[in-house]
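Novice: Fold the following for me, if possible:
(2 chains)
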Amino acid sequence: MKFFKLSIFMLLMAAIVACSSEGENTDSDNQGSDEQDNQNTETQDITFWAPFSGPDGPKMKEIVDGYNESQADYNVDFQIVPQSDYYTNVDLAFNGEENMPDAMIMHGDQIFTYSEKGVLKNLNDLLGDETTDQYHETAIEGATVDGNLYGLPLDIHPLMLYWNKDLFEAAGLDPETPPTNREEFIEYAQQLTDPEQNQYGFAVPTLWPQQFIFPTIVAQNGGSLYEDGQVNFTSDAVVEALQFEKALIEEYEVSPKNVQQDGEVTLFLQGKSAMQLNGPWMMQQWEDAGMNYGVAPVPQLGTEQNAVFGNSHNFVIPEKTSDELTEGILDFLGYVRDNGMAWAESGQAPASKPVYTSDEFQEVNKQSPEVAKQFDYAVFNPKVENWGLATDPLMEAVNVALLGQASVEEALEEAQEKASNSLE
Amino acid sequence: MYNQKTTLKSKFTSFLFVVPYLFLFISFLFFPLLYGIYISFHDYNLLSQENPFIGLENYMEIFSFGSSLSDLFFEGLWKTIQFVIYSVPLLVIIGLGLALLLNSLPGKIRGLFRTIYFIPYAISVSVISILFLWILDTNSGLLNNFLMKLGISPIAWLTELPYAWISIVGATIWWTIGFNMIIFINALNEVPEELYEASSIDGAGAWSNFIHITLPSIRPIMLFVVITSTIASFNVYGQPYLMTRGGPGDSTEVLLMSIVDQAFNQRELGSASAMAILMALIMIVVSIIQFKISSPKKQGGN
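Specialist: Numbering: from 1, shown residues only, chains lettered A, B, ... in the order given. Sure, this is the predicted structure:
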């Protein structure tokens, strides 16, 4: 028994020693190769992380390759970290300060949290107005916290309207003219609905992408989910938005009841739902399915103004990145700004003016110009730490209300209470 | 003296066989567990530079009823326990039933069906969930299509209670039943044939054979299956996460979903670790209780 214990102890020690010495080895290896690179070729490596594990990955790769070929000072090492655990990896990198990328992509709604922790470089100190003027101001605003710019925008991806042209034609509607306001939306949806055929004008999702749809209608109602440092889920604008969505199911009966996770996508793909509100990343799915679809800005479903909820991709630089590499990164970002057309090919709309104002951009595909049309009035998540703690209960309220399992007012009041508790 | 040496040597040889597993166990289970306990005593935010030691504060917050962390833990725990209660009896009974059924088949077909029932166990949870999302879709799924053809109105399998639980439990059974079945088949083959011969001479029927011979003989295996099924069910995550997203509302949001959210979306590793450690303690206690309840009887039987 004694022997057994001793062996375990020795094994543990061996494991610990092995692990730690391994770590040291790789560290010194890295340093060694870095130095060698400096001496021999004077090309410096810039590690760049992005969550583009979908069809957008190769497009970014194309841009990076283009940059690497265009000059010899820097070599951008583009690494795709899967979307599903992107921020876990980012957090772990920041936490251990190991394997830190020199630059990375960050969603607009994440910038606030990371900037509060002081782990991102303030770009105001590095860039002048003449650089920021090269991007759409909504995108710049989205990457700005308290007047400090923390990211250079790659794109804005707002909610979009998709429609099935074949179903529009069959219902006697013009397949090239999508609805632009609430009245038209309801009217078209009613014409497109045929319960006997199990066909609907618009399937109201009860889960994702309500995170985009619901804030869009709230903003179109002139409301906001966060005001004066407080969650604001029970204001008239918010209540009206949810009542409207519920009415599409229960009063106008243009949507099936009990739509499940991704159910609205299945129905749209099957040609059983004629319209779809979803993000621009869905284009590839409709293309792959060979659908005859149209894409346009979201109609004004709210009562007050045009608005659309969106998120954005931004380039950020960790605080730890050296000044020397930062120079290289800014050089790379300048290249992306002027040569980012490949990004539009994936159906996204780059936020840099040289790209989205060009004639080539208007022809790149049918979606990207429609995305860019919504730049002017796009809205983002409020800049609040842990906003996710507030949206979780809100989305549960939207879910139960749209499933007909709670009244709109009750559900939102409960969400208001839960959200204010957890944000405290 | 000579004897002692050989035992020492043979002990060492046996130990060498355990080494690879021991190494994996220590590096991937034991060390992370210790580290988890360590983290749970700290105010550990993934992005903070300082993570101060706060003793039992995370645990105390979980037990200060009314706090949002406490709600998160106990609401999640209740849903997990619901799932355990619904799934474990079915996993054991159906597993045993399938094993009995298969064992009464002729040899060649038995192998075929054993393979067929075991295959789903080898598929990943994401594939299982997508399959069931398509089968159960309220408005365009296979099952509701059949129901409508039969003139039955469609059922909201994943967005209404109790159907959401029925669907999750059903998918889990279809997915994992093969494992329990294989264990039971082996247990049934171990039951001495003489016992059945003796009882048939006494004129016992199939039912009393099952109650008086089969069940007592496989009791230890039964205990093993009950405990492993309970632990597996406690760890439920993928099926509700992928099939219902915790809905309708938060009624299928199980404890592990809350813990993962707390750890990686809110970045609060300290309180998330405390929740995970508590969950592990609960599982250990439940397993001990199950063991205590069933083991004295085994000795009595012998």
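Novice: For the stretch 51-200 of chain B, which residues are neighbours of chain A?
Specialist: Residues of the stretch 51-200 of chain B lying close to chain A by CB under 8 Å from any CB of the partner chain are B:68, B:133-134, B:136-140, B:156-160. For every residue, glycine as well, the C-beta is placed using N, CA and C.
Novice: could you pull out the helices for the stretch 251-400 of chain A?
Specialist: Along the stretch 251-400 of chain A, counting by DSSP state H, counting those that start in this stretch, helices occupy A:263-269, A:283-288, A:323-338, A:341-345, A:353-356, A:359-364, A:368-372, A:387-402.
Novice: And those: which comes nearest chain B?
Specialist: helix A:387-402 (4.3 Å; CB to the nearest CB).
Novice: what about the residue in the stretch 251-400 of chain A positioned nearest to chain B, how many neighbours?
Specialist: Chain B sits closest to residue A:258 of the stretch 251-400 of chain A, with a gap of 3.7 Å, by CB to the nearest CB. Residues near residue A:258, counting by other CB atoms under 10 Å in any protein chain shown, number 23.
Novice: Next, the contact list for the residue nearest to it when sequence neighbours are not counted, please.
Specialist: Sequence neighbours aside, residue B:156 is the residue nearest to residue A:258 in space, at 3.7 Å (criterion: CB to CB, 6 or more residues apart in numbering or on different chains). Contact analysis of residue B:156 by CB atoms under 8 Å, 6 or more residues apart in numbering or on different chains lists A:257, A:258, A:260, A:403, B:138, B:163.
Novice: For chain B, what's its nearest residue on the stretch 101-250 of chain A.
Specialist: residue A:117 (4.4 Å).
Novice: wait, what's in contact with that residue?
Specialist: Taking CB under 8 Å, 6+ apart as the test, what residue A:117 contacts is A:94, B:47, B:48.
Novice: The same query, at a cut-off of 10 Å, please.
Specialist: A:91, A:94, A:319, A:385, B:45, B:46, B:47, B:48, B:49, B:267 (CB atoms under 10 Å, 6 or more residues apart in numbering or on different chains).
Novice: Can you report how many residues neighbour the fifth one?
Specialist: Think residue B:45. Residue B:45 - counted by other CB under 10 Å - has 18 other residues nearby.
Novice: show me what contacts it?
Specialist: Counting by CB under 10 Å, 6+ apart, residue B:45 has contacts A:91, A:95, A:117, B:51, B:266, B:267, B:268, B:269, B:270, B:271.
Novice: Quick check: chain neighbours aside, which residue is closest to the first one?
Specialist: Read it as residue A:91. residue B:46 (4.1 Å).
Novice: Can you show me the strands along chain A?
Specialist: A:44-50, A:74-80, A:103-107, A:144-145, A:148-149, A:152-158, A:160-164, A:200-202, A:226-227, A:230-231, A:273-278, A:293-296, A:308-316, A:378-379 (DSSP state E).
Novice: neighbours of the residue nearest to residue B:213 when sequence neighbours are not counted, just the number please.
Specialist: In this structure, residue B:213 finds its nearest non-sequential neighbour in residue B:195, 4.9 Å apart by CB to CB, 6+ apart. As a burial measure, residue B:195 scores 15 neighbours (other CB under 10 Å).
Novice: Would you agree residue B:195 falls within a helix?
Specialist: Yes: when DSSP: H, G, I helix; E, B strand; the rest coil is applied, residue B:195 is found to be in a helix.
Novice: contacting residues around it?
Specialist: B:209, B:212, B:213, B:214, B:216, B:217.
Novice: helix, strand or coil for whichever residue of chain B sits closest to chain A?
Specialist: Closest residue of chain B to chain A, CB to the nearest CB: residue B:156 (3.7 Å). Using three-state DSSP, the three-state assignment for residue B:156 comes out as coil.
Novice: That'll do, ta.
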